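> Generate coordinates for the sequence data below:
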Amino acid sequence: MPSETASGLVTLPAPGTVDAVVDRLRAAATEAGHHVLAVIDHQANAEKVDMTLRPTRLVLFGRPAVGTRLMQDRRTSGIDLPSKVLVWQDEHGETQLTYSTGAWLANRHGLKTSGRENALRLESAVREFVAQARRP
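Residues are numbered from 1 along each chain as shown. Next up is the predicted model:
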């Protein structure tokens, strides 16, 4: 069952290691025509400053035709683009995926009708990638 917070975040469990889930997420986004722009390894960055962090990766991906429409509506939406999914290990060793909802994005930036619709379509795509990443 998804966990959605007032901050517009959805968190869902996924089987497998963080790296395996990241691989499935990347494949799903790429297959759908999105560009995987980066995978930020927060755990490795923590280690560089002699700190510990359970496995935590931030996957950034986008599709310019979608993001540009949002920025044409409200340029400030660019601060929340490209799309992101955080893949992380919780305190029980389980892998979780977290992403922002389209409604949150639309409300945060005051998107008009077409922008709101595009934000919801973007969330639908992210939700599909997450669903595929949750399949072992």
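> So which residue of the chain lies furthest out from the middle?
Among the C-alpha atoms of the chain, the one farthest from their average position, using CA atoms, centre = their mean, is that of Asp50, at 27.1 Å.
> how close does that residue get to Glu91?
Distance from Asp50 to Glu91, counting by CB to CB, to the nearest Å: 21 Å. Heads up, the C-betas are built off the backbone N, CA and C, glycines and all.
> Repeat that for Arg63.
Taking CB to CB, one finds Arg63 at 34 Å from Glu91.
> which residues in this structure form helices?
Ranges of helices in the chain, per DSSP state H, are 18-31, 42-48, 64-73, 102-109, 113-133.
> so which of these gets nearest Leu9?
Across those, the minimum distance to Leu9, taken as CB to CB, is reached by helix 102-109, at 7.8 Å.
> can you give me the angle the closest one makes with helix 113-133?
Relative orientation of helix 102-109 versus helix 113-133 (axes from the mean of the first three to the mean of the last three CA atoms, to 10 degrees): 140 degrees.
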